[in-house]
Every structure is written in structure tokens, then in C-alpha cells.
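> next comes the sequence, and after it the predicted model I'd like to discuss.
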Amino acid sequence: MKLTKFEKKIPKKIYSVLKLRGFDDLRPCQTKSINKGLFKDKNLVVCTPTASGKTLVAELAILNAIFHDKGKAIYVVPLRALASEKFKDFKKLYGKHFRIAISSGDIDSADSYLEKYDLIITTSEKLDSLIRHRAKWLSLVKVLILDEVHLLNDSGRGPTLEILITVLRKMISKLQIIGLSATIGNPEELADWLKAKLVLDFWRPVRLDKGVYLNEKIEF
């Protein structure tokens, strides 16, 4: 759908950034997220296929938290390598608009220097450490992005992720939570637990065909 049709629903500064980046159209999960309250600080669980545009939903929430709500954003990923990748991507896209930091090391500390940054990219384990050290800047956080939120069901990382979500919701009364995943088995239940609107869509940029390979032939 054309970006111009959502001009009145998108804060002016964010709209100008999208235009500057060359966006003319929005994908289905992005329009659904806007219509379900993305810019009204509503919690969202975005469950759509890979490459369908979930990351831009997160970016819009981050821009809204920083530009409109005048607060900080935290982007949580499951792996340090992914944190490094996201840091490079966001630094390239938004480095001139706001300050971006990565905190994913093994050092167990409050990382007080992060108070100077607007977007903090981290892992769930590191965020858990920051919470336990009562980092003062956490009270300034407006949005929490949870990439691969389906890992709540993972026996290893799930408990840590669940605890930090629970603690942050108690610490920050008006915290907006955006959960992203392509593979949630129970999206309605998860959205209900997070008190979030469910954004469910099956559009993908490249058609996916399923087939069975047998005797050197594939039957679709």
C-alpha cells in the first residue's frame, strides 16, 4: 500500500525519515501494525513470514520512542553475532539521526555509559544483567523490541527472556513491547500474555512452494 495513504497516521518526523530512505510503499504487516496502534504505544506481536517487513515495524517503533516519546529503545536479540549485525545495520541507517550502542559482552555490570545512547542493542542475558545491576537509565526506556520472541518457548533462553519481560513491565509502567517472529506456534496465547495486539499475515515477497522429492523428481 502507498506510504502517502498513511501520512496522517505517521508522526511527521518519522514520515520524513521514511521518505528520505526512499520508501514509497508499505508491506501488509507494516500497515496492519500501524492500524493496530504502533504509533499509539500499543503492544504488538508481529507474526509474519521471513522477509515480510517485520524489521521495519521495529524501526518505526524505535523512531517513535526516540522522536515522539523522547525516550530510549532496547532491541533484544538471541545471539551476540546477531546483535553485532543489527548494530551495524542500524548505525548505517540511523547513525545521523540518533545515538546507537551495543551491549552484549560478558562483563557483568550496569554499563552506565549507555545512558548517553538512544537505542541499545543487546542480548536477553546481557539485559538480564543490566536489570539486576539496576541500571538507572532503564527507567527512560519507552519501547522493548523482542526479536525471535518465539524463543520464550526455548528451554535454554526462554526463562531468562520471560523474567526480563516480567520485570521490565513492572519497572516501566508505560513500556511498549514489540515481539517479532516468523514461527510462533501459539501467537494468540502469546499476544494475550503480553497484552498485545496480534499482527498476523502470510504475505511474503517470494512465493514459497512445497514439494516432495522422490526418485529424482519433485512433486509440488
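That came through fine. What you see is a predicted model; the values in this text were computed from it and never measured. Numbers count the residues shown, from 1 in each chain.

> which stretches of the chain form helices?
12-20, 28-35, 54-63, 80-94, 124-132, 158-171, 187-193 (DSSP state H).

> tell me where the model's unsure across this protein.
106-110 (pLDDT under 70).

> so which residue is smack in the middle of it?
I145 (3.3 Å; CA atoms, centre = their mean).

> surely F6 touches T31?
Yes: contact between F6 and T31 holds when scored by CB atoms under 8 Å: they sit 6.9 Å apart. Bear in mind the C-beta positions are built from the backbone N, C-alpha and C, glycine included.

> picking up where we left off before, among the helices of the chain, which is the most enclosed?
helix 54-63 (a mean of 23; mean count of other CB atoms under 10 Å).

> that helix: how far from the chain's middle?
6 Å (CA atoms, centre = their mean, to the nearest Å).

> ok, now stretch 37-46?
Averaging C-alpha positions (CA atoms, centre = their mean) puts stretch 37-46 11 Å from its chain's average.

> quick one: buried residues of that stretch?
38-39, 41-46 (16 or more other CB atoms under 10 Å).

> what is the end-to-end distance of that stretch?
Separation of the first and last residues of stretch 37-46 by CA to CA, to the nearest Å is 12 Å.

> who's in contact with that stretch?
Outside stretch 37-46, the residues that touch it by CB atoms under 8 Å, 6 or more residues apart in numbering are 9-11, 14, 29, 33, 36, 54, 57, 60-61, 64, 68-69, 142-143, 149, 174, 176-181, 184, 187, 190-191, 194-199.

> same thing but at 7 Å, please
9-11, 29, 33, 36, 54, 57, 60-61, 64, 149, 174, 176-180, 187, 190-191, 194-199 (CB atoms under 7 Å, 6 or more residues apart in numbering).

> phi, psi of V206?
Here is the backbone geometry of V206 (degrees, to the nearest 10): phi -120, psi 130.

> can you tell me the closest non-neighbouring residue to it?
A51 (7.3 Å; CB to CB, 6 or more residues apart in numbering).

> L180 touches K54, doesn't it?
Yes: counting by CB atoms under 7 Å, K54 is a contact partner of L180 at 4.6 Å.

> count the residues that sit near T50.
Using other CB atoms under 10 Å, T50 has 11 other residues around it.

> no wait, G105
Number of residues near G105 (other CB under 10 Å) recorded here: 13.

> ok, the closest residue to it other than its chain neighbours to V77 distance?
Excluding the flanking residues, the one nearest G105 by CB to CB, 6+ apart is K126, at 7.2 Å. Distance from K126 to V77, counting by CB to CB, to the nearest Å: 10 Å.

> next one: P11
The spacing between P11 and V77, counted by CB to CB, is 26 Å.

> again, but for I121
Applying CB to CB, the value for I121 to V77 is 7 Å.

> what's stretch 192-208 in contact with?
27-29, 32-33, 36-37, 42-49, 51-52, 177, 179, 187-188, 191.

> go on, stretch 171-190?
41, 43-50, 54, 57-58, 61, 138-139, 141-150, 168-169, 194, 196, 198, 200.

> that stretch: which residues count as buried?
172, 175-181, 184, 187, 190.
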